[in-house]
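1. got a predicted model here, sequence first, then my questions.
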Amino acid sequence: MKKLLVLFLMISTYFISGCSLFSSSSPKKHYYQIYYKPKKILGRKISGTLRIKPFEVNKVYNRHNIVYRKSVNEMFYYNRKFWASKPSDMITDVLANHATETQLFSDIILELTKRPDYVLTGRILALDEIDSGEKWFARVSFIFELKDYKTDRTIVSHSFERRKEVKIKDVVYVVRAMGEIIEDETEIFFNKIYETLNFD
């Protein structure tokens, strides 16, 4: 009887520990989004409709996982740190918000619901964290283009590749630094548009 009781207790302990193993919570996933509040451009709006097309993106960045690099030739994907939406969608929305908040054009559309006057296109060349060991950096590289809708002629283009050091080694600060870079460079691009179209 005692042997049966001991055996029963052993089996019970095994199943209880097994249940606790299965019920233990898995590591938490984190989701990130680039966001900033752009400054308004001084001056009157450019008369015309601007369509912002979805940004193209290099294949290595065309996924939800945030990319980090140890070197130019070595890259990794975070397993539990993700973009809230794919970079193409996220950056398109960021540019649309920037254009809307700055009131650069009299009308802005994302879908081809009507005939626009201008089209803003872009390509994401790099959007990653650089981990050099002692230091962390946010790296962003884009190409912006403003085209005439009728002729498909490029009116203004702007490209850049920038790194910004992150003092605190945490992905949220990397994402924040990316937003600061994008804000600065988008402002430069929009100022170029304003000057080119002679609304200075």
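-> That came through, no problem. Numbers count the residues shown, from 1 in each chain.
2. what sits against the residue nearest the centre of the chain?
-> Closest residue to the average C-alpha location of the chain: residue 87 at 4.6 Å, with CA atoms, centre = their mean. Residues near residue 87 by CB atoms under 8 Å, 6 or more residues apart in numbering: 55, 57, 61-62, 124, 127. From N, CA and C alone the C-beta is placed, and that goes for glycine too.
3. now rank the residues you listed by neighbours and give me the top one.
-> residue 127 (25 neighbours; other CB atoms under 10 Å).
4. give the pairing partners of the helix or strand that contains that residue; include direction for each.
-> Element membership for residue 127, per DSSP states H and E: strand 118-131. Strand 118-131 has its sheet partners listed here by DSSP bridges as strand 46-52 (parallel), strand 56-57 (parallel), strand 65-71 (parallel), strand 136-148 (antiparallel).
5. okay, those strands in JSON lines with distance to residue 195 and mean pLDDT next?
-> Shown next, in JSON lines, are the strands paired with strand 118-131 (distance: least, CB to CB, whole Å; pLDDT from 0 to 100):
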{"stretch": "strand 46-52", "distance to residue 195": "11", "mean pLDDT": "95"}
{"stretch": "strand 56-57", "distance to residue 195": "26", "mean pLDDT": "97"}
{"stretch": "strand 65-71", "distance to residue 195": "34", "mean pLDDT": "95"}
{"stretch": "strand 136-148", "distance to residue 195": "12", "mean pLDDT": "98"}
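6. can you list the ones you listed in TSV and add distance to residue 179?
-> TSV is the format used below for these (distance: least, CB to CB, whole Å):
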stretch	distance to residue 179
strand 46-52	18
strand 56-57	17
strand 65-71	14
strand 136-148	9
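7. looking at the ones you listed, which is closest to residue 110?
-> With CB to CB, the closest approach to residue 110 among those belongs to strand 46-52: 5.7 Å.
8. other residues contacting that closest one?
-> 92, 95-96, 99, 104-110, 112, 114-120, 149, 193-194, 197, 199.
9. which of those fall within helices?
-> Assigned to helices by DSSP state H, the following of the contacts of strand 46-52 qualify: 92, 95-96, 99, 193-194.
10. which stretch among the strands paired with strand 118-131 comes nearest residue 28?
-> Checked against CB to CB, the stretch from these lying closest is strand 65-71, at 14.9 Å.
11. for this protein, name the helix or strand with the lowest mean pLDDT.
-> Averaged element by element with mean pLDDT, DSSP states H and E, the chain has its least confident helix or strand at helix 2-23 (a mean of 43).
12. now the strand holding residue 127: how far from the chain's centre is it?
-> 8 Å (CA atoms, centre = their mean, to the nearest Å).
13. then it to PDB, C-alphas only?
-> What follows is strand 118-131, C-alpha atoms only, in PDB (Å, rounded to 0.1, in the frame of the first residue of the first chain):
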ATOM      1  CA  TYR A 118       2.300  65.100 -58.400                       C
ATOM      2  CA  VAL A 119       3.400  61.700 -57.200                       C
ATOM      3  CA  LEU A 120       5.800  61.100 -54.300                       C
ATOM      4  CA  THR A 121       7.700  57.800 -54.500                       C
ATOM      5  CA  GLY A 122      10.500  56.300 -52.500                       C
ATOM      6  CA  ARG A 123      12.700  53.400 -51.700                       C
ATOM      7  CA  ILE A 124      13.900  52.100 -48.400                       C
ATOM      8  CA  LEU A 125      17.500  51.000 -48.800                       C
ATOM      9  CA  ALA A 126      18.400  50.500 -45.100                       C
ATOM     10  CA  LEU A 127      16.400  50.600 -41.800                       C
ATOM     11  CA  ASP A 128      18.400  48.800 -39.200                       C
ATOM     12  CA  GLU A 129      20.300  48.800 -35.900                       C
ATOM     13  CA  ILE A 130      24.100  48.700 -36.000                       C
ATOM     14  CA  ASP A 131      25.700  47.000 -33.100                       C
END
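14. thank you, goodbye.
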